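Chemist: after the sequence you'll find the predicted model.
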Amino acid sequence: MTEVNVIGAGLAGSEAALQLAKRGIKVNLYEMRPKKNTGAHKTDKFAEFVCSNSLGAGDCSNASGLLKKEMELLGGELIKIARECAVPAGNALAVDRELFSEKVTKKIESDKNINIIKEEVTSIPDGVTIMASGPLTSEKLANSIKEFTQSEHLHFFDAIAPIVEKDSIDFDKAFWASRYDKGEASYINCPMNKQEYENFYNILINAPKIELKEFEKNAKFFESCLPIEVLASRGFDTLRFGPMKPVGLVDKRTGVENYAVVQLRQDNSAKTLFNLVGFQTNLKWGAQKELLQSIPGLENVNIVRYGVMHRNTFINSPKILNPSLQTRKRPDLFFAGQLTGTEGYTESIATGMLAGINMARYINNEKLLILPKETMLGALTQYISDENHTKFQPINSNWGIVTPVELPKKERKNKKLKAEMIVTRSIEYITCVENI
Ligand SMILES: Cc1cc2nc3c(=O)[nH]c(=O)nc-3n(C[C@H](O)[C@H](O)[C@H](O)COP(=O)(O)OP(=O)(O)OC[C@H]3O[C@@H](n4cnc5c(N)ncnc54)[C@H](O)[C@@H]3O)c2cc1C
């Protein structure tokens with residue numbers, strides 16, 4: 001009988017193992033803790049939350065909430081346990097983390113189809129395998145993944161600039177242009193006069209930063225990838241000669257030369273998301289919001305992904321994975337969790353679930369489940385496996401990657417209605433999935 005190797009009993013690996021086991025498939029679940037630790041995990045339990053105890057929205061008022069709903073409809077196991085362990089947190093789903101890990105661990109330990117092996121895996125095994133060793137994958141295994149993906153397709157550190165929704169940008173102030181009018185006018189530019197730049201600079205140099213973890217402190221940043229706060233600390237004008245250089249960027253409507261310009265580059269093929277060029281940052285999220293909203297044109301901007309800098313092992317999924325989470329090179333090998341370049345607890349559990357479902361289908365010679373971009377999980381898996389990415393960075397669930405819904409003209413800015421329509425459409429798709 002086929003036995004599936006699942007590497008890592010974190011959020012994704014635990015979910016994947018339970019999906020396989022309940023379909024009658026034998027699993028060898030490998031976990032290196034407590035023999036070897038990651039630097040962030042604190043217990044020897046499975047599915048440990050390494051930082052916050054919140055999984056984000058508990059209802060469908062935002063994209064993460066919809067992802068939870070989809071998991072529930074598709075038979076997710078950890079989401080059920082999370083609801084059982086919920087603690088009061090407004091409309092967020094926060095859990096008693098110890099109880100949650102305890103329950104997941106017990107469920108796995110008592111499952112006769114799951115064989116737990118408490119060992120570090122040092123190379124990608126032969127045979128049917130789901131890789132779910134997470135952002136803090138041990139070094140030896142990371143080297144093996146590096147070999148499999150070819151070195152340039154494995155990343156060890158995130159230095160990410162914020163991503164925002166185009167629809168929330170004020171185009172009375174922002175303008176489309178490429179520097180010196182070269183090629184298409186494909187960048188969105190937010191112009192600043194001297195006073196606006198001074199205000200921005202003062203917010204930036206006084207903004208609080210996120211403390212790096214001990215194991216992250218030795219990380220070396222490339223000079224071209226320095227956080228904006230580090231550049232700003234070098235002098236008042238450094239940013240104006242770097243990522244905020246105004247030369248060659250003129251708004252044809254005004255003809256005015258600007259003192260500084262923030263550029264935004266298209267981030268997804270649907271042209272709904274844009275990232276701030278050169279704005280990788282380690283500022284606290286509240287401070288990032290204040291800083292971005294001080295930029296002319298971004299006063300009401302909707303940030304779908306904040307900038308982060310932390311250790312994060314992830315593969316270059318656009319070159320490696322299909323939207324089913326199967327690798328293109330080896331059909332019996334799937335990836336799940338943060339390793340795939342999806343970001344967040346809920347996303348890790350969701351991709352673990354999909355990898356488990358699809359591995360079971362693969363073994364049974366059934367068609368793999370590929371969800372459409374009309375659903376949140378489909379939008380995520382299609383995003384990470386989209387070959388058109390040139391500079392892939394991890395993404396969490398957000399409305400910007402879902403196929404847009406057509407809103408009546410007078411309702412264009414009605415975010416609540418937009419969310420409701422996306423949710424209804426997704427539920428219709430998911431409830432039609434066969435053989436779940
Ligand atoms: C420091 C840090 C803080 C984070 N904070 C948050 C947050 O607050 N909110 C949020 O939504 N997301 C957060 N994330 C992102 C992400 O959601 C979590 O890391 C999440 O746990 C990822 O799930 P996973 O299943 O991919 O990996 P994990 O849950 O980390 O599971 C991977 C498992 O694989 C094991 N493993 C690793 N290497 C091997 C090996 N060679 N052999 C056997 N086992 C191995 C590990 O011990 C671990 O148990 C954080 C990430 C990091 C690194």
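Modeler: Sure, I can see it.
Chemist: mind giving me the domain ranges of the chain?
Modeler: Following automatic domain parsing, one finds the domains of the chain at 3-159+310-431, 163-306.
Chemist: the ones you listed: which one's closest to the ligand?
Modeler: domain 3-159+310-431 (1.6 Å; C-beta to the nearest ligand atom). Every residue, glycine included, has its C-beta placed from N, CA and C.
Chemist: say whether the ligand is contacted by the closest one.
Modeler: Yes: looking at domain 3-159+310-431 against the ligand by C-beta under 6 Å from any ligand atom, the contacts come from 7-13, 30-33, 38, 40-41, 50-52, 120-121, 132-138, 141, 310, 337-339, 344-345, 348.
Chemist: max-length helix in the chain?
Modeler: helix 345-363 (DSSP state H).
Chemist: point to the helix or strand of this structure where mean pLDDT is at its lowest.
Modeler: When the helices and strands of the chain are scored by mean pLDDT, DSSP states H and E, strand 154-159 comes last with a mean of 72.
Chemist: if we can go back for a sec, out of the domains of the chain, which is the most enclosed?
Modeler: Among the domains of the chain, domain 3-159+310-431 has the highest mean neighbour count (mean count of other C-beta atoms under 10 Å), at a mean of 20.
Chemist: compute the first-to-last residue distance for that domain.
Modeler: Domain 3-159+310-431 has an end-to-end distance of 30 Å (criterion: C-alpha to C-alpha, to the nearest Å).
Chemist: what bridges to K209?
Modeler: Assessed by DSSP bridges, K209 has beta-bridge partners L283.
Chemist: for it, list the residues it contacts.
Modeler: Counting by C-beta atoms under 8 Å, 6 or more residues apart in numbering, K209 makes contact with 229, 282-284.
Chemist: quick check: V95 touching P88?
Modeler: No: judged on C-beta atoms under 8 Å, V95 makes no contact with P88 at a distance of 11.1 Å.
Chemist: I188 touches K166, doesn't it?
Modeler: Yes: using C-beta under 8 Å, I188 is in contact with K166, at 7.3 Å.
Chemist: helices along the stretch 301-436 of the chain, start to end?
Modeler: In the stretch 301-436 of the chain, the segments counted as helices under DSSP state H, counting those that start in this stretch are 317-320, 345-363, 376-384, 415-431.
Chemist: packing partners of the longest one?
Modeler: Under the contact criterion of 3 or more C-beta pairs under 8 Å, 6 or more residues apart in numbering; DSSP states H and E, the helices and strands touching helix 345-363 comprise helix 11-22, strand 54-57, helix 63-73, helix 78-84, strand 129-131, strand 333-335, helix 376-384.
Chemist: show residues contacting the first one.
Modeler: Yep, that's helix 11-22 we're talking about. By C-beta under 8 Å, 6+ apart, helix 11-22 touches 4, 6-7, 9, 27, 29, 31, 46-47, 49, 75-78, 104, 107-108, 111, 113-114, 130, 132-134, 336-339, 345, 348-349, 351-353, 355-357, 359-360.
Chemist: tell me the angle of that helix relative to helix 345-363?
Modeler: 40 degrees (axes from the mean of the first three to the mean of the last three C-alpha atoms, to 10 degrees).
Chemist: following helix 11-22, which helix or strand comes up?
Modeler: strand 26-30 (DSSP states H and E).
Chemist: okay, now the sheet partners of that following strand, with direction.
Modeler: Strand pairing (DSSP bridges) places strand 26-30 next to strand 3-7 (parallel), strand 114-117 (parallel).
Chemist: can you redo the ones you listed as TSV with mean pLDDT?
Modeler: Listed next are those as TSV, based on pLDDT from 0 to 100:
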stretch	mean pLDDT
strand 3-7	98
strand 114-117	98
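Chemist: output those as CSV; include the columns distance to I145.
Modeler: Putting the strands paired with strand 26-30 into CSV (distance: least, C-beta to C-beta, whole Å) gives the following:
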stretch, distance to I145
strand 3-7, 10
strand 114-117, 19
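Chemist: list residues touching both of I188 and K166?
Modeler: F274.
Chemist: what average pLDDT does stretch 360-372 get?
Modeler: For stretch 360-372, mean pLDDT is 97.
Chemist: end to end on stretch 26-37, go ahead and measure it.
Modeler: 26 Å.
Chemist: how far off centre is that stretch?
Modeler: 24 Å (C-alpha atoms, centre = their mean, to the nearest Å).
Chemist: okay then, goodbye and thanks.
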